[in-house]
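1. Predicted model and sequence follow; I will ask about them next.
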Amino acid sequence: MNHDRVHCAYNGIDVDPETQALTRNRLHWLLEHLPPGRVLDLGCSQGTLSILAARRGDHVAGVDIEEEAIAFAGRLAAELPADVAARLAFLRGEGERLCFPDGCFDSAVAGELLEHVADPGEVLTELHRVLAPGGTLLLSVPHGLMPHHDHHRTFYRAGFRRLIDPLFEVRELTVLDRHITAVAVRREEPQGVPSHLLSPEEADFLQREEHLEQRLQNLRDKLERANRLYRDVTAANAELKAQIGESRTRQHVLDELSALQDTVRRLSFSIADGAATERDGLREQLNAVTEERDRLRAGIRAAETEIGLLREAADAAEAERHRLLELIHGLSAGLEVVRETAEAMTAQRDELRAHVRAQAEDLQSAEAAHGEALRTAHAAHAEALLGLHGRITALDEELQTERAGLARLRTVYNGERHRHELTQQRLSKLVTLESKLRQENERLRAKLETVTGRLADYRDQVTRIRSSRAWRVLSVYRQLRRPGRPDPAQPGPKARPATSPAAPTRTVVTRPSPPPAPASAVVKDVVAPVPVEEFRIGLHDWIERARAAEGDEVVLMFSGTTFVQEARGNRPIRLTRVYLGRDCPVFFNYYRWRDTDPLPSHPDPLLFQSPIDITPRLLDEVLSADFGGKRKLLFASFPHEAMVRALTHAASQGWVTIYDARDDWEEFAKIGMAKWYHAGYERYLVAHADVVTAVSAPLARKMETLGGRKVSVNANALDPAFPAPTAPRRPDATRIGYFGHLTDKWFDWDLVIRAAKTYPHYTFELAGHQSPDLRLPENVRLLGLLGHRELAELSAGWALALIPFKNGALADAVDPIKVYEYLHLALPVLSTYFPQCVDYPGVRVTESAAEFVAAIPQLAGSALDVEGIRSWLARNTWECRVDAYSELAERVVRKGREGLLTLLECR
């Protein structure tokens, strides 16, 4: 049984003011959100909320499982005015089996009930049954762990919402005084069966709460034992002092008192050690909770910023939509005017033709009647007829001109209407994304509120412990343990060295060590991080090999991509392979997720691969090393903080520094990919590197604006070693392919699905990684991540290769490497809008989804200018790109640096 005393708490009977205020806040919140009408108060306890609702005019049925509570509520109802009591009815019943007919209540309240029942889903199902369509349900449950003998469930905000959502649409969900309160509306049709299951995160948090609660209870028990021991010792001490005054054996009693004090001191030391350990544990837990709270707050701030940006984008899209609507209205009005003009001209033409026919008929009748005398008039009429025919011809030409104008206006109208539809689709996506971010923001806020509430509770508990009398007594005993203080049991002691054999010993109570873990519990195959010293040893060996290498350049490639491998041929890896092929040593920085990841292997001894968490500790040695007069090139392929710190040092050691802008990192950061991006770092590298290059003309223009200097375009290229099909290419007219990244951050899945639905007789084969979980048409096949050899063999049956990226600022800066590889495989290429690729041979660049879809059957299986493409690819290889970098570095060496870096020239 629960034995709630809500009536007493609400009226301040035998409770403290704080408890009364909390109870009133919750009941008043429920009453404010409760619609008037027929009300069911399930779990009404002593009937406080039911009586408040009846007093304002509602008809209330209060139901509770406890007979004592129902009897108490009935006695309170008997003391009310007759009209109020007539609107009240208190019944004993269970929430899982209500005795009311379907749809008989307008609203229902279940305040602090679901935590007491065995199956909350059954109670919610019954409430859904007895509520009328559109009825309101108010719920409140404890938020998080609240120890009580009758609590069967623990609720958190997300799990509570999942429990309610199948039967009720949640309109408001908040945390009020350590309780979750919800306002929900009955769904017309259930969307599932309600069940209460904690998510892994909630279960983990509950386990942490239970662990902390147990530790706090242990600490309370220890403090209670300490207080009890202190009281016993104080009483025994008083009794012994009384005996000392009466007994003749005073010295014996003093010895017993001294021994008893020694015992008390040892026990106090033990208790103090335990309390200190518990206190340190609580401090560590408080620090962890505080860090979690700060991280959640940062996440909420980032989400709020993203919502603000989305709102701005939605406002801009709405303004564009209004502009397009106004333009469409204007075009429609112009179209109507043209139609009216054409109709007037047609009517005038018909009138003239009728007049000509009348003249002809008059002429014939005059000939028949007057004969030869009217032939002269006939000739005049013939001349007039010729003039009229000329006028008709002119009017026909003018009509054709107007029709052509009308056709152009229709074309413009259709284009603007298509743009309007695209804007509407984009606006819908933005609204959906804003809704998702709002939900994520609510989840983060709920988690923050949970952590903040628990943190406040822990702080209150620690404060109460520290202010207790037992804690002060333990603090006094701890002071007695400090070195240099006299021992109360030994009058006039002298300090002795800790190593003196005559020094008195002290018994220290220690906790037993935990038993060793069983053999089955030992984790096998745990990879320990490689020490930095081993990297340094390998680095020294590489420097020796680099100094003896035949190449005339040494390269530090600071890449944020994966290590050098065959399946992932990005720009830094391609450049590295060319340098290694020229016997130029390369220090290659790569990214890894954790320090226990296995180190990559590569057969070339001139390649040293260093993970990004180790590289900053090796940079000074690499930059200061002697490479025997080789030209030293430092490539920063992304604006990392380590490159900002090392740029000046590298310049002072004679390195030519190159910032290679291979992507628009700012746009990547906006879609949540390059979370490390810092605009100030990129601005610094663009302004102070010796050479700045970009893979596309739009990206070069952006870098020029950012750094105020000339930026060269050094586009991506082809690796001639990229494999080709072993058999002659025989393209299947129904197979269309793609290989590369498949993330929905930039891959336009909507466009691919639209194309697949438009052309169901085509098969779309997509090879790559990180594809989202989507419901795809049957003619779209996902092949996974394949190697270059597999891709080459697969492409032999493709009729067309696609690059369907989302149009926008991110794509504007891209020069896809796969374009060169598609052309190398003799495939016609169809892409969305990439400004850099507009003039590439064999590539069709489209500006809209409609144009992209319409071009597929036009290009599938089309013939290419093989010789022209082969000649173009020969001028665009990675060897050519490396030659360009060597030429730029030679120019820096010849002309010297510019700006402040001239002070760092090594003469």
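-> Thanks, I have the structure now.
2. any chance you could map the helices in the stretch 251-400 of the chain?
-> Counting by DSSP state H, counting those that start in this stretch, the stretch 251-400 of the chain has these helices, from start to end: 375-467.
3. In the stretch 1-150 of the chain, where is pLDDT below threshold?
-> Across the stretch 1-150 of the chain, the stretches falling below the confidence threshold (pLDDT under 70) are 1-4, 149.
4. Pretty sure D815 sits in a helix.
-> No. Going by DSSP: H, G, I helix; E, B strand; the rest coil, the assignment for D815 is coil, not a helix.
5. And it, how far from A855?
-> 21 Å (CB to CB, to the nearest Å). From N, CA and C alone the C-beta is placed, and that goes for glycine too.
6. Which one of the two is surrounded by more residues?
-> Neighbours per residue, other CB atoms under 10 Å: of D815 and A855, the larger number sits with D815, 25 against 17.
7. check contacts around that one.
-> With contacts taken as CB atoms under 8 Å, 6 or more residues apart in numbering, D815 has the following neighbours: V695, S696, A715, N716, F834, Q836, C837.
8. give me phi/psi at it?
-> Backbone geometry at D815, expressed as degrees, to the nearest 10, gives phi -120, psi 90.
9. Show me where the stretch 651-800 of the chain has its strands.
-> With DSSP state E, counting those that start in this stretch applied, the stretch 651-800 of the chain shows strands at 656-661, 691-694, 712-713, 735-739, 763-767, 780-784, 800-803, listed in chain order.
10. can I get these in a markdown table with mean neighbour count and distance to A158?
-> As requested, these are arranged in a markdown table below (neighbours: other CB atoms under 10 Å; distance: least, CB to CB, whole Å):
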| stretch | mean neighbour count | distance to A158 |
| --- | --- | --- |
| strand 656-661 | 25 | 42 |
| strand 691-694 | 24 | 45 |
| strand 712-713 | 14 | 50 |
| strand 735-739 | 23 | 38 |
| strand 763-767 | 21 | 35 |
| strand 780-784 | 14 | 32 |
| strand 800-803 | 25 | 40 |
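11. closest to H148 out of those strands?
-> Each of these was scored for nearness to H148 using CB to CB, and the closest is strand 780-784 (51.6 Å).
12. So for this structure, the centremost residue is which one?
-> G672 (6.8 Å; CA atoms, centre = their mean).
13. So that residue is in contact with W746, correct?
-> No. Under the contact definition of CB atoms under 8 Å, G672 does not touch W746, with a separation of 11.4 Å.
14. rewinding a little: out of the contacts of D815, list just those in helices.
-> With helices defined by DSSP state H, no entry of these lies inside them.
15. Direction included, what does the longest strand seen in the chain pair up with?
-> Counting by DSSP state E, the longest strand found in the chain is strand 131-142. Based on DSSP bridges, the pairing partners of strand 131-142 within the sheet are strand 105-111 (parallel), strand 179-186 (antiparallel).
16. for the chain, where's the lowest mean pLDDT among helices and strands?
-> In the chain, no helix or strand scores lower on mean pLDDT, DSSP states H and E than helix 469-480, which sits at a mean of 70.
17. still on that earlier bit, quick check: which of the strands paired with strand 131-142 is nearest to L399?
-> Distances from L399 to each of those were compared by CB to CB, and the smallest falls on strand 179-186, at 62.8 Å.
18. Which residues does the closest one contact?
-> Applying CB under 8 Å, 6+ apart, the contact partners of strand 179-186 are 26, 29-30, 33, 112, 128, 131-143, 155-157, 160-161, 164, 167-175.
19. And that strand, how far out from the chain middle?
-> The chain centroid and the centroid of strand 179-186 are separated by 27 Å under CA atoms, centre = their mean, to the nearest Å.
20. same deal with stretch 698-705?
-> Centroid displacement of stretch 698-705 relative to its chain, using CA atoms, centre = their mean, is 29 Å.
21. cool, stretch 227-236 as well?
-> Shown here is stretch 227-236, whose average C-alpha point lies 59 Å from the average C-alpha point of the whole chain (CA atoms, centre = their mean).
22. sorry, back to before: got the strands of the stretch 651-800 of the chain as JSON lines, with distance to N237 and mean pLDDT columns?
-> Output for the strands of the stretch 651-800 of the chain, formatted as JSON lines (distance: least, CB to CB, whole Å; pLDDT from 0 to 100):
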{"stretch": "strand 656-661", "distance to N237": "79", "mean pLDDT": "94"}
{"stretch": "strand 691-694", "distance to N237": "84", "mean pLDDT": "95"}
{"stretch": "strand 712-713", "distance to N237": "90", "mean pLDDT": "94"}
{"stretch": "strand 735-739", "distance to N237": "87", "mean pLDDT": "93"}
{"stretch": "strand 763-767", "distance to N237": "85", "mean pLDDT": "94"}
{"stretch": "strand 780-784", "distance to N237": "80", "mean pLDDT": "92"}
{"stretch": "strand 800-803", "distance to N237": "90", "mean pLDDT": "94"}
